[in-house]
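1. Give me coordinates for this.
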Amino acid sequence: MASRALARTLEDFPHIAVHRVELLTNPARSLKAGIRSIPSLVCDDQSLKGLFLNEKKIRIFFESL
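-> Numbering: from 1, shown residues only. The predicted structure follows:
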């Protein structure tokens, strides 16, 4: 659900690049980035985490960057 919402929201934010990190295959990179839950969006010191990330929450996060 979050990946579809993210894909739809990214269409309106072409200047934002998203890099997917697989938690199970890259645990050290995930921890270094501060990712402790799935799904998570992290940019510098800001993060958006939650089980149900929808387009509205993602849009608000992108607009705050």
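
2. What ranges does this structure have for its helices?
-> Per DSSP state H, the chain carries helices over the ranges 2-10, 27-32, 55-64.

3. Turn the ones you listed into JSON lines, columns for mean neighbour count, distance to Ala17 and mean pLDDT.
-> The C-beta positions use only the backbone N, C-alpha and C, and glycine is treated the same way. Formatted as JSON lines, the helices of the chain follow (neighbours: other CB atoms under 10 Å; distance: least, CB to CB, whole Å; pLDDT from 0 to 100):
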{"stretch": "helix 2-10", "mean neighbour count": "15", "distance to Ala17": "9", "mean pLDDT": "92"}
{"stretch": "helix 27-32", "mean neighbour count": "12", "distance to Ala17": "16", "mean pLDDT": "87"}
{"stretch": "helix 55-64", "mean neighbour count": "14", "distance to Ala17": "12", "mean pLDDT": "94"}
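
4. Distance to Val42 added to the ones you listed, as CSV?
-> Formatted as CSV, these follow (distance: least, CB to CB, whole Å):
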stretch, distance to Val42
helix 2-10, 13
helix 27-32, 10
helix 55-64, 10
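
5. Out of the ones you listed, which gets nearest to Pro39?
-> Closest to Pro39 of these, according to CB to CB: helix 2-10, at 4.2 Å.
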